[in-house]
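Student: Mind folding the following:
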Amino acid sequence: MAIVRTFKIFPCVCFLTLVLGVVVQAQTFTTLVNFDGTHGAVPMASLIQGVDGALYGTTFYGGHNACSGQKGCGTVFRVTTRGSLGIFGLKSQQGTNPATPLLLGTDGNFYGTTSTGGAYGYGTIFKISTAGVTTLHDFCADQNGCADGSAPNGLVQGFDGNFYGTTANGANAACTAGCGTVFKITPSGGFSTLYQFSGLDGDHPMGRLVQNQDGSFYGATLQGGQWGAGSIFDITVAGALTNLHTFEESDGAFPYGGVILVSDGNFYGTTYSGGPNGDGTIFRMSPSGQFATLHYFSAGFSLAYSELVEGTDHSLYGTTYYGGDQSCGHGAGCGAIYRLSLDGTLSILHNFEVSDGKYPITGVVQATNGIFYGTVPGGGGNNDGTIYSLSVGLGPFVTFVRNAAKPGSLAGILGQGLTGTSAVSFNGMSSNFKVVSDTLIEATVPSGATTGYVTVTTPNGTLTSNKEFVVLK
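Tutor: A predicted model of the protein is given here:
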């Protein structure tokens, strides 16, 4: 199976604001936006919250800039929690068909990747700032085997301030379209390849990397390894890679969504195939590689492409491509949203219909109002995909632009209702802080602070962070 990806504050960037969906009050599940092509089509990536409290994402197609043989080059969009949408259409030279989540950097800019386009047609890394869109790297610059990779996945900002990621294709020709790479890029665009996969150690990495407190990055390859069904690896910032688990079909196959690090210190993820039913699995793995399967999907709810997310209730949330409503013209259904407790108990929260979206491949994100938000690439009023919200009764919290910094450094804290904040504490230690806006606080990591949760005392009560803040030495 060749992996050739065929789907998958902007203060001064002008957006066209258009409400494309109707918010239905007093509903657990709400369709916020129906994409219509011109304003974006086929969202293929999860959302991210910005410093202004709005959500940001990308669409694979759509926009005002035509690309040869395509329905638009793709867009970057901003959507409020009420469903007001603004877009920025990409141009071919900036990169086309974005299929990965955006990243909010500690400098306040957004960073992202495109799967195609750019100078050589194999994807780009871009930055969006007050100056507009800047291309930081064009993949396949050598035009001879793409030693730097092609079809990049999403980015993560490391503890050192640099960005790290993987490419699904390129480099080693032992795999069709190339086995893929791991790379580092500085905020100014200095690019280096850290590792080239060979197939035996895994090939075609997918999903985003995640950095553990020890500084190593963890990720997954879609294929390769001993049995050809994918692998989980860790890699140091110097490029030393260790294979921690190789999938064998019986415990899952093809971990498309990568892995996430959960508050219990373990990594969790999904496979869209394998297991006793052949319909995919949910798994847990310790940092040392101890592996366990928590759930086997069946034909009723199957093909878990999306990455998981941990909610503030410490349950895991995700989506399945198939399942639920049978009105999609496919006997397997339109897909579903599920919740999994860490003991392995799974419950279905929503069954998609054609009218509210079909075939989700992206996961959900929990905004600081406690509500989950997500995208679906198909269905909706125009069959161009949707943006939705799902409330399960969880309350508001605070989170971080990046949850790691040294004492004395500034940390960006995201939330809502932050005006009038009277105290900020890092694991019980008081911090100096500045309320920048109702949705953003800049706090100084206090000397002597230790890794732990952050609390913010507001006029309406105390908010706790959804994850630990890592105090670096």
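Student: Give me the spatial nearest neighbour of Ser188, chain neighbours excluded.
Tutor: In space, and not counting its chain neighbours, Ser188 is closest to Leu136: 7.9 Å by C-beta to C-beta, 6 or more residues apart in numbering. Yep, even glycine has a C-beta here, placed from its N, CA and C like the rest.
Student: Look at that neighbour and say how many residues are nearby.
Tutor: Residues near Leu136, counting by other C-beta atoms under 10 Å, number 18.
Student: Ala99 too?
Tutor: So Ala99, with other C-beta under 10 Å, has 30 neighbours.
Student: Can you tell me how far it is from Glu353?
Tutor: The gap separating Ala99 from Glu353 is 24 Å, by C-beta to C-beta, to the nearest Å.
Student: now do Gly170
Tutor: For Gly170 relative to Glu353 (C-beta to C-beta), the value is 39 Å.
Student: who's more crowded, those two?
Tutor: Each of Gly170 and Glu353 has its neighbours counted (other C-beta under 10 Å); Gly170 has more, 29 against 17.
Student: So that one sits against Gln143, correct?
Tutor: No: in this structure, Gly170 is not within contact of Gln143 by C-beta atoms under 8 Å, at 11.4 Å.
Student: any idea which strand is longest in the protein?
Tutor: strand 203-211 (DSSP state E).
Student: how far is that strand from where the chain is centred?
Tutor: Strand 203-211 sits 11 Å away from the centroid of its parent chain (C-alpha atoms, centre = their mean, to the nearest Å).
Student: Output that strand in PDB with nothing but the alpha carbons.
Tutor: Only the C-alpha atoms of strand 203-211 are listed here, as PDB (Å, rounded to 0.1, in the frame of the first residue of the first chain):
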ATOM      1  CA  ASP A 203       7.800   3.300   6.800                       C
ATOM      2  CA  HIS A 204       5.400   6.100   6.000                       C
ATOM      3  CA  PRO A 205       5.100   7.800   9.400                       C
ATOM      4  CA  MET A 206       1.700   9.400  10.100                       C
ATOM      5  CA  GLY A 207       0.300  11.600  12.700                       C
ATOM      6  CA  ARG A 208       2.200  14.100  14.800                       C
ATOM      7  CA  LEU A 209       5.200  13.500  17.100                       C
ATOM      8  CA  VAL A 210       4.700  14.000  20.800                       C
ATOM      9  CA  GLN A 211       7.500  14.900  23.200                       C
END
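Student: That one: which residues count as buried?
Tutor: Buried positions in strand 203-211, judged by neighbour count with 16 or more other C-beta atoms under 10 Å: Asp203, His204, Pro205, Met206, Gly207, Arg208, Leu209, Val210, Gln211.
Student: So what are the sheet partners of the helix or strand just after that strand and their directions?
Tutor: The helix or strand immediately downstream of strand 203-211 is strand 217-223, counting by DSSP states H and E. Strand pairing for strand 217-223, using DSSP bridges, gives strand 203-211 (antiparallel), strand 231-235 (antiparallel).
Student: between these, which one is nearest to Asp279?
Tutor: Nearest to Asp279, of all these, is strand 203-211, at 18.5 Å by C-beta to C-beta.
Student: what's the pLDDT at the residue nearest to Ser188?
Tutor: You'll see Leu136 listed with a pLDDT of 97.
Student: so it sits right up against Gly123, yeah?
Tutor: No: in this structure Leu136 lies outside contact range of Gly123 using C-beta under 8 Å: 11.8 Å.
Student: which ones are touching Cys175?
Tutor: Counting by C-beta atoms under 8 Å, 6 or more residues apart in numbering, Cys175 makes contact with Ala2, Phe197, Gly199, Asp203, His204, Gln223, Gly224.
Student: mind checking pLDDT for it?
Tutor: Per the predicted model, pLDDT is 95 at Cys175.
Student: what are the phi and psi values for it?
Tutor: Backbone torsions for Cys175, taken as degrees, to the nearest 10, come to phi -110, psi 150.
Student: cool, Ser355 as well?
Tutor: phi -70, psi -30.
Student: Isn't it up against Gly380?
Tutor: Yes: with contacts counted by C-beta under 8 Å, Ser355 reaches Gly380, the gap being 7.2 Å.
Student: Same drill for those two, tell me which one is more crowded.
Tutor: Counted by other C-beta under 10 Å, Ser355 and Gly380 do not tie: Gly380 has more neighbours, with 24 against 15.
Student: In three-state terms, label that one for me.
Tutor: In terms of secondary structure, Gly380 is coil; the call rests on DSSP: H, G, I helix; E, B strand; the rest coil.
Student: quick one: contacts for Val435?
Tutor: Residues in contact with Val435 (C-beta under 8 Å, 6+ apart) are Leu418, Thr419, Gly420, Thr421, Ile441.
Student: What is the burial count for the last one?
Tutor: Here the number of neighbours of Ile441 (other C-beta under 10 Å) works out to 24.
Student: which SSE is it in?
Tutor: strand 440-444.
Student: mind listing what the residue nearest to Ser188 touches?
Tutor: So Leu136 contacts Tyr111, Thr124, Ile125, Phe126, Lys127, Ile185, Ser188, Gly189, Phe191 (C-beta under 8 Å, 6+ apart).
Student: what does Lys473 give?
Tutor: Lys406.
Student: Distance-wise, check it relative to Pro287.
Tutor: To Pro287, Lys473 is 19 Å away according to C-beta to C-beta.
Student: how near is the closest residue to Val182 other than its chain neighbours to Met429?
Tutor: Sequence neighbours aside, Tyr195 is the residue nearest to Val182 in space, at 4.2 Å (criterion: C-beta to C-beta, 6+ apart). Computed as C-beta to C-beta, the Tyr195 to Met429 distance reads 38 Å.
Student: what's next to stretch 281-292, contact-wise?
Tutor: By C-beta under 8 Å, 6+ apart, the residues outside stretch 281-292 that reach it are 212, 214, 218, 232, 234, 244-245, 251-252, 255, 259, 265-271, 274-275, 293-297, 304, 308, 316, 318, 340, 344, 346.
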